[in-house]
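Colleague: Please find the sequence and the predicted model below.
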Amino acid sequence: MTSHISIKRSKQNITNDKDVLGGIQRERLMQICIVTSIGLLVSITAARNITSVIFAIGFACLLISFTFAYKQKIMASAYILLSSLATMLFTLAITGAGLLDLAILGYPSLLILSAILGGVGLFLSLLTLTISLCILLAWLTFNGIITPHVPSLSWSHLIFILVIFIVTGFSVYVLVRDIKRLMLSLHKENTKVQQSQLKIQHLAHHDSLTNLPNRFYGEVLFNQSLEKCLKNQQQLALLFLDLDNFKPVNDVLGHAAGDQLLAELAQRLSKTMEPDQHLIRFGGDEFLILVPHKSGLPYLTKLAKDLITVSSVVFDIQHNQVSVSASLGIACTSQDGTLFKQLCRKADIAMYKAKEAGRSTFHFYDNSMDKASDNKFKLLQTLRPAINQNQFSLYYQPIIDIKSGDVVTVEALLRWPQADGSLITPEQFIPLAESSGLINELGAWVIKEACRFCARQRKQGHPELRVAINLSVIQFRDGYLQNTIENALQDANLPPKALELELTESLLINDKNQIEKQLNELSQLGASIAIDDFGTGYSNLGYLREFNASKLKIDRSFITPLNNNNHDDSIVKAIINMASSLGLQTVAEGIEDEATLNKLITLGCDFGQGYYWSKPISEDDLSEYLTNHNLL
């Protein structure tokens with residue numbers, strides 16, 4: 001499609017050029033006809049006998065040529081003009097002094113006119129005609145067919161000479177002026193081409209949004225900076241900057257707002273750069289900073305903190321106050337390599353380490369990060385086959401009514417057993433599944449298997465048992481979570497009230513708008529919502545009402561030291577009282593001894609979970625556990 005458009009444009013340009021050239025030729029024809037006609041009229045007044053007749057016929061031919069030119073029949077007009085004038089001059093020479101006649105002086109003027117009015121074809125045609133006429137004139141003279149005679153000099157001859165000179169001079173003037181105009185036009189076009197080339201080169205090397213060097217040109221700048229650093233005995237650091245929470249700006253305010261934020265951030269960062277430093281847009285919300293230095297880690301540490309501070313200043317975007325933060329990774333040529341792509345990769349790894357450390361901070365690269373990255377890569381390569389081959393299994397941990405001691409719910413916990421008997425923990429593979437897009441497939445399997453397990457246990461004498469399943473934020477993004485849950489419940493013939501969905505409070509805060517509608521629909525279906533790890537995030541009471549939560553799970557970090565820390569005692573009591581006032585039940589995680597259990601009973605907690613009763617166990621072991629506890 002693009003090639004067809006280019007061809008069409010090229011043809012259009014050629015047509016336009018032809019039209020312009022034709023317009024110039026038409027203008028010149030009409031000018032020459034007018035000037036020559038005036039000259040012939042003047043000559044007619046001074047001519048006598050046959051000469052005046054010849055001039056009159058020539059004048060008539062000029063009128064015909066002018067008419068053709070006026071009607072834009074340019075080549076016909078040019079041939080009529082030049083051939084009639086050439087014939088007129090030949091006739092004047094025959095009736096006059098032959099080759100010595102003054103009329104011969106007019107032929108150079110005709111040759112000039114042919115160069116002005118046409119191309120090579122017209123010029124060669126007239127030149128051939130002129131030579132042929134001169135040869136014919138000489139032959140006629142030599143064979144006595146005509147007898148040249150030199151008339152006596154009169155004022156009419158002077159007028160004729162002046163007319164020839166005027167027409168010739170005008171022709172030369174027009175030709176030279178057109179040549180100068182052509183040269184000027186070519187110069188202007190050459191200037192435009194050079195400017196276009198510079199613009200194209202700039203566009204190829206710079207980002208169109210921020211006008212910063214792009215990734216391609218960044219590598220050129222890196223190599224140039226590295227060469228200078230080697231000469232000046234300096235080190236070159238590559239800083240990889242990534243915004244931490246840029247996506248919500250695009251999602252809520254739109255991509256135009258995101259572009260405005262990036263452009264303003266680029267301006268801010270550029271103002272902090274030293275003359276020998278380079279700010280590069282790597283792509284998306286990622287930037288590179290090339291920093292030659294001699295000061296070592298203290299200087300880079302201060303610079304990284306300054307860049308994070310600059311990035312964190314509030315932006316005024318479309319009348320909204322927008323705050324973002326930045327994480328930085330730093331790699332240096334002194335110990336991390338000398339290749340651009342190599343340092344980009346290592347600085348990127350260090351940047352993700354900074355994000356894992358809590359964001360809005362920075363990390364220097366070290367070899368241990370590379371090893372961890374390799375391990376993650378190897379683990380990711382085995383993750384998909386493991387899902388396809390059903391290598392995962394579910395373990396279950398009871399949740400106890402701490403007043404009656406009955407098992408009311410079991411939490412399904414995913415495990416990845418290995419051939420050597422070891423287990424890969426969820427902390428290792430769940431983030432990889434989320435980042436690789438495999439969590440939906442894995443999560444759907446967990447929901448399906450947990451529902452089947454609960455249905456089997458209900459049929460085996462535990463009709464009120466419920467199962468709790470942890471959900472990832474990624475499972476909400478494609479909009480199919482409700483269908484997945486409904487299909488799993490239908491397949492297992494399990495009532496929705498037997499299903500409890502656990503979500504971390506940080507998940508609810510970060511993706512509130514996306515998740516709220518789906519959770520409300522799941523609540524209407526009959527499933528209950530529990531907030532996991534409460535107290536470790538924002539602990540915002542507002543969203544507890546919005547998401548129809550029915551339980552709060554108090555994080556184990558508050559439960560484990562409960563007996564030896566009065567401050568934790570008061571925090572747990574406050575959480576329980578707050579939940580009770582909102583009509584929510586509380587579940588304490590991480591109960592490991594009877595003293596902690598008794599303390600929680602005193603504080604009014606409803607349910608407990610922990611090693612005091614049972615660690616996570618397989619389905620077979622859980623069946624035996626439930627039987628021993630006489631669940632009714």
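Modeller: Structure's in. What do you need?

Colleague: for Thr210, what are its contacts?
Modeller: Residues counted as contacts of Thr210 (C-beta atoms under 8 Å, 6 or more residues apart in numbering) are Leu262, Ala263, Ala266, Arg281. The way it works is simple: take the backbone N, C-alpha and C, and place the C-beta from them, glycine included.

Colleague: swap in Ser623?
Modeller: Gln457, Gln460.

Colleague: mind checking the SS state of it?
Modeller: Each residue gets one of three states, and Ser623 gets helix by DSSP: H, G, I helix; E, B strand; the rest coil.

Colleague: if I look at it, how far off is Lys459?
Modeller: Between Ser623 and Lys459 the computed distance is 11 Å (C-beta to C-beta, to the nearest Å).

Colleague: Quick check: closest non-adjacent residue to Gly405.
Modeller: Nearest non-adjacent residue to Gly405, counting by C-beta to C-beta, 6 or more residues apart in numbering: His629, 7.4 Å away.

Colleague: Ok, Leu481 next?
Modeller: In space, not counting the residues next to it along the chain, Leu481 is nearest to Gln475; the distance is 5.2 Å by C-beta to C-beta, 6+ apart.

Colleague: What are the phi and psi values at the one you found?
Modeller: Backbone geometry at Gln475, expressed as degrees, to the nearest 10, gives phi -70, psi -20.

Colleague: gap between it and Leu519?
Modeller: 12 Å.

Colleague: and what of Glu27?
Modeller: Computed with C-beta to C-beta, the distance linking Glu27 and Leu519 is 79 Å.

Colleague: Of the two, which one has the most company?
Modeller: For Glu27 and Leu519, the more surrounded residue by other C-beta atoms under 10 Å is Leu519, and the numbers stand at 22 against 12.

Colleague: Could you report the neighbour count for Ala86?
Modeller: If we define neighbours as other C-beta under 10 Å, then Ala86 has 20 of them.

Colleague: Contacts only, for it.
Modeller: Under the criterion of C-beta under 8 Å, 6+ apart, the contact list for Ala86 reads Tyr107, Leu110, Leu126, Leu129, Thr130, Leu133.

Colleague: Nearest to Ala433 among those residues?
Modeller: The shortest distance between Ala433 and any of the contacts of Ala86, using C-beta to C-beta, involves Leu126 and amounts to 85.7 Å.

Colleague: give me the element the closest one is part of.
Modeller: Assigned by DSSP states H and E, Leu126 belongs to helix 120-142.

Colleague: For that helix, name the packing helices and strands.
Modeller: Counting contacts by 3 or more C-beta pairs under 8 Å, 6 or more residues apart in numbering; DSSP states H and E, the secondary-structure elements packed against helix 120-142 are helix 74-94, helix 106-117.

Colleague: Mind telling me which of those helices the model trusts least?
Modeller: In terms of mean pLDDT, the lowest-scoring of the helices and strands packed on helix 120-142 is helix 106-117 (a mean of 74).

Colleague: how far off helix 74-94 does that one point, in degrees?
Modeller: Counting by axes from the mean of the first three to the mean of the last three C-alpha atoms, to 10 degrees, helix 106-117 points 180 degrees away from the direction of helix 74-94.

Colleague: buried set for helix 106-117?
Modeller: When neighbours are counted by 16 or more other C-beta atoms under 10 Å, the buried residues of helix 106-117 are found to be Gly106, Tyr107, Ser109, Leu110, Leu111, Ile112, Leu113, Ser114, Ala115, Ile116, Leu117.

Colleague: Equivalent analysis for stretch 163-173, please.
Modeller: Within stretch 163-173, the residues that count as buried by 16+ other C-beta under 10 Å are Val163, Ile164, Ile166, Val167, Thr168, Phe170, Ser171.

Colleague: Format the residues you listed as JSON lines; extra columns: distance to Ala579 and secondary structure.
Modeller: Listed next are the buried residues of stretch 163-173 as JSON lines, based on distance: C-beta to C-beta, whole Å; DSSP: H, G, I helix; E, B strand; the rest coil:
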{"residue": "Val163", "distance to Ala579": "114", "secondary structure": "helix"}
{"residue": "Ile164", "distance to Ala579": "114", "secondary structure": "helix"}
{"residue": "Ile166", "distance to Ala579": "110", "secondary structure": "helix"}
{"residue": "Val167", "distance to Ala579": "109", "secondary structure": "helix"}
{"residue": "Thr168", "distance to Ala579": "109", "secondary structure": "helix"}
{"residue": "Phe170", "distance to Ala579": "104", "secondary structure": "helix"}
{"residue": "Ser171", "distance to Ala579": "104", "secondary structure": "helix"}
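
Colleague: quick one: which of these is nearest Gly421?
Modeller: The shortest approach to Gly421 among the buried residues of stretch 163-173 belongs to Ser171, at 104.1 Å (C-beta to C-beta).

Colleague: Pull the CA coordinates from stretch 51-61 and hand them back as PDB.
Modeller: Only the C-alpha atoms of stretch 51-61 are listed here, as PDB (Å, rounded to 0.1, in the frame of the first residue of the first chain):
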ATOM      1  CA  THR A  51      11.300  42.800 -48.500                       C
ATOM      2  CA  SER A  52       8.100  44.400 -47.000                       C
ATOM      3  CA  VAL A  53       6.100  41.400 -48.300                       C
ATOM      4  CA  ILE A  54       8.400  38.900 -46.700                       C
ATOM      5  CA  PHE A  55       8.200  40.900 -43.400                       C
ATOM      6  CA  ALA A  56       4.400  40.900 -43.600                       C
ATOM      7  CA  ILE A  57       4.200  37.200 -44.200                       C
ATOM      8  CA  GLY A  58       6.700  36.700 -41.200                       C
ATOM      9  CA  PHE A  59       4.500  38.900 -39.100                       C
ATOM     10  CA  ALA A  60       1.400  36.800 -40.000                       C
ATOM     11  CA  CYS A  61       3.300  33.600 -39.000                       C
END
